[in-house]
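Pasting the sequence and the predicted coordinates here, then a few questions.
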Amino acid sequence: MIYMNFLLPRTRVAASAVIVSLALAVASVPALAAPAADSAAPPPEASFIRKALEQKFPGSNIGVITKSPYFGLFEVQLDDRMIYTDTKTRYVIVGSVYDADAKVNLTDMRLRKLNRVNIASLPMDLAFKRVKGDGSRQLIVFSDADCPFCARLENELKTVDNVTIYTFLYPIDQLHPDSARKSKVIWCSADRVKAWDTFFASGALPDNSGECDNPLDKTHALGEKLRVQATPTLIFADGSILPGAIPSAQMEEEFRNAAAEVKKPVAANK
């Protein structure tokens, strides 16, 4: 479970579209293959589908459109979610496709691939850095000081070694009215890492007014740009985004997957 910022805009599904539960469709067919890698060119139907959806969902951001291996449908990145539609866009399916045998959320995997962040473009000066062990791996976290799931993540991170962690302070005022103040006090500390660790260990804050230059406004704008809707939100070295306080064992798996993805372009160029 994660805390969501429900004030961020969400997709509005037009009344003219027939919304079908994808879970019922998945239950009626055999296990599904994972989507193929993106082709160099969009399918020929993409232009029509884009124009039709722009008319039916005015104001929405229509992203990548590809042919899916599911039921002859097309997958469309609509705002921050994936939808599935037929060639004429008469029917729109909102939901996740699961591989029942592998127990994998294929829609989630696809969105994570499409929504990867360019790590090199992130303003790391807006975050504070922690280095554990040799610091060889990289983890970026958007965190709220008063979020209980952020506290759970910090507890999981105690057993994770050889990682450099960049923490962006991302208080969600609607849920935690005092979090922004605490974040400022932590940021204004002479030792931000110690202040952060001490706060999550005991609840104690540094003795300062919190009145110094802080990045909270810029961090908030960055989070909105990246569509960060939950705390904690994790970003790995390949740019993949994962919301929630995941167990350390799953984190290790994500580190391995990210490292493999980062190496792929290098191997392709050899």
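Structure received.

nearest residue to residue 153 other than its sequence neighbours?
Spatial nearest neighbour of residue 153, chain neighbours left out: residue 245 (4.0 Å); criterion: C-beta to C-beta, 6 or more residues apart in numbering. Any C-beta I mention is one placed from the backbone N, CA and C, and that applies to glycine too.

wait, what's in contact with that neighbour?
With contact set as C-beta atoms under 8 Å, 6 or more residues apart in numbering, residue 245 has these partners: 2, 149-150, 152-153, 156, 232.

Strands of the stretch 51-200 of the chain, start to end?
All strands of the stretch 51-200 of the chain, identified by DSSP state E, counting those that start in this stretch, fall at 62-67, 74-78, 81-85, 91-94, 98-99, 104-105, 128-132, 137-143, 163-169.

Among the contacts of residue 245, which has the minimum pLDDT value?
Within the set of these, pLDDT is lowest for residue 2 (39).

What are the structural domain limits within the protein?
Per automatic domain parsing, the structural domains of the chain span 3-114, 119-268.

Make sure the residue nearest to residue 153 is indeed in a helix.
No: counting by DSSP: H, G, I helix; E, B strand; the rest coil, residue 245 is located in no helix; its state is coil.

Look up how far residue 152 lies from it.
From residue 245 across to residue 152, the span is 4 Å (C-beta to C-beta, to the nearest Å).

Pick out the shakiest of the strands of the stretch 51-200 of the chain, pLDDT-wise.
Checking each of the strands of the stretch 51-200 of the chain, the one with the poorest mean pLDDT is strand 104-105, at a mean of 84.

next one: that strand to chain centre, how far?
16 Å (C-alpha atoms, centre = their mean, to the nearest Å).

Okay, helices next: where are they in the stretch 101-250 of the chain?
For the stretch 101-250 of the chain, the helices defined by DSSP state H, counting those that start in this stretch occupy 106-114, 148-157, 179-187, 192-202, 216-225, 248-268.
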